[in-house]
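Novice: Provided below for reference: sequence and predicted model.
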Amino acid sequence: MNLLEQLKTQTKVVADSGDIESIKKFKPVDATTNPSLIYSAAQDSKYVKLIDDAIGYAKQKSTRKDLQLSLAFDKLIVEFGIEILKIVPGRVSTEVDARLSFDIEGSVKKARELISLYKDAGVSYERILIKLASTWEGIKAAEILTKENIHCNMTLLFSMPQAIASAEIGVQLVSPFVGRILDWYKKNQSAQQLTQAEEQGVVLVKNIYNYYKKFGYKTEIMGASFRNTEEIIQLAGCDLLTIAPKLLNELERTQGTLEIKLNPEKAKQAKIEKLSLDEKKFRWLMNEDAMATEKLAEGIRKFTEDILKLETMLKQKL
């Protein structure tokens, strides 16, 4: 078997793409989207119908221009999700507006609206993961939503405090961003000499995996934002890995033997101390971690930029 086939026997492979044709090709279990991926996919002429449907829906629902834009935006990202769910047997992740990353009530309201749109289309809530930025407010919003049986995916996660706070409230899934962590260290420190196994992003996912399995948390770990296939190989055995089409293609073309790197039984034997977190401790530990603080803020800004681009495109159509 090639490396992708072997990986699928050890880990749930998730497509990190808004491009439906790519998802069809690689047959992942789940798929994740974000504003950047949706904006990129929306440039392709083959998705014009989804945009037109979103515009038509917004005009039907309201005559107010500001409301039309919001309605069209939400409908479009849900339409992409619905199309993806026709292909994958599992779940799709749909992201709450990044501009709500520090707004608990706003995030909860938006998540409920997205779930309602999926429900109106006949899609069960069990097949949807609502993505929220791993700010303190995002985690608190996820706590409320989790109690309502709305499953959440904590994104833009770069540190153990974010992962632990998310698991403590019983969130469904966390997505540590491997590649973006490496990006920061390459820019700010000398990371060139590190082996892939020692990469800070790879190490973080391993630490989260061991912590969760050691202390019996049910929250799933999904490594994300990979820069190369070696990072993926080092995390074989992780609950899930969300992988861009380019890297899926590389894994599919590569022969060899894939070794399981993460094992729940070994994790239970790890010598780890449990960390107790409240809001003050969470904010202090984040403040002490320059990489996590900077990459979280940067990620929110980047997603917001692509949201604005997508809104500009929809405004022109409206």
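Specialist: Received the coordinates, thanks.

Novice: same for the lowest-mean-pLDDT helix or strand in the chain, what does it pack against?
Specialist: Among the helices and strands of the chain, helix 35-42 carries the lowest confidence by mean pLDDT, DSSP states H and E, at a mean of 89. Contacts defined by 3 or more Cβ pairs under 8 Å, 6 or more residues apart in numbering; DSSP states H and E place helix 35-42 against helix 65-85, helix 290-317. Where you see a C-beta, it was placed from the backbone N, CA and C, and this is true even at glycine.

Novice: how many residues are close by Leu182?
Specialist: 22 (other Cβ atoms under 10 Å).

Novice: which residues touch it?
Specialist: Residues near Leu182 by Cβ atoms under 8 Å, 6 or more residues apart in numbering: Ala191, Glu199, Gln200, Gly201, Arg227, Glu231.

Novice: which one of these sits in the busiest neighbourhood?
Specialist: Gly201 (29 neighbours).

Novice: doesn't Pro176 make contact with that residue?
Specialist: Yes. Assessed by Cβ atoms under 8 Å, Gly201 is found in contact with Pro176 at 7.1 Å.

Novice: can you give me the helices for the stretch 151-300 of the chain?
Specialist: Assigned by DSSP state H, counting those that start in this stretch, the stretch 151-300 of the chain shows helices spanning 160-168, 178-188, 200-215, 229-233, 245-253, 264-268, 279-288, 290-317.

Novice: what's the most buried one of those?
Specialist: helix 160-168 (a mean of 24; mean count of other Cβ atoms under 10 Å).

Novice: what is Leu240 paired to in the beta sheet?
Specialist: Legend: beta-bridge partners of Leu240 under DSSP bridges are Lys12, Met222.

Novice: so it versus Glu83, what's the distance?
Specialist: Leu240 sits 21 Å away from Glu83, going by Cβ to Cβ, to the nearest Å.

Novice: which one of those two has more residues nearby?
Specialist: For the pair Leu240 and Glu83, the greater number of neighbours falls to Leu240 (24 against 18), based on other Cβ under 10 Å.

Novice: any stretches of the stretch 101-250 of the chain with poor pLDDT?
Specialist: 190-193 (pLDDT under 70).

Novice: change it to 90
Specialist: 186-198 (pLDDT under 90).

Novice: so which helix or strand takes in the residue of the chain positioned farthest from its centre?
Specialist: In terms of distance from the mean C-alpha position of the chain, Thr63 ranks first, at 33.5 Å (Cα atoms, centre = their mean). Thr63 is part of no helix or strand when elements are defined by DSSP states H and E.
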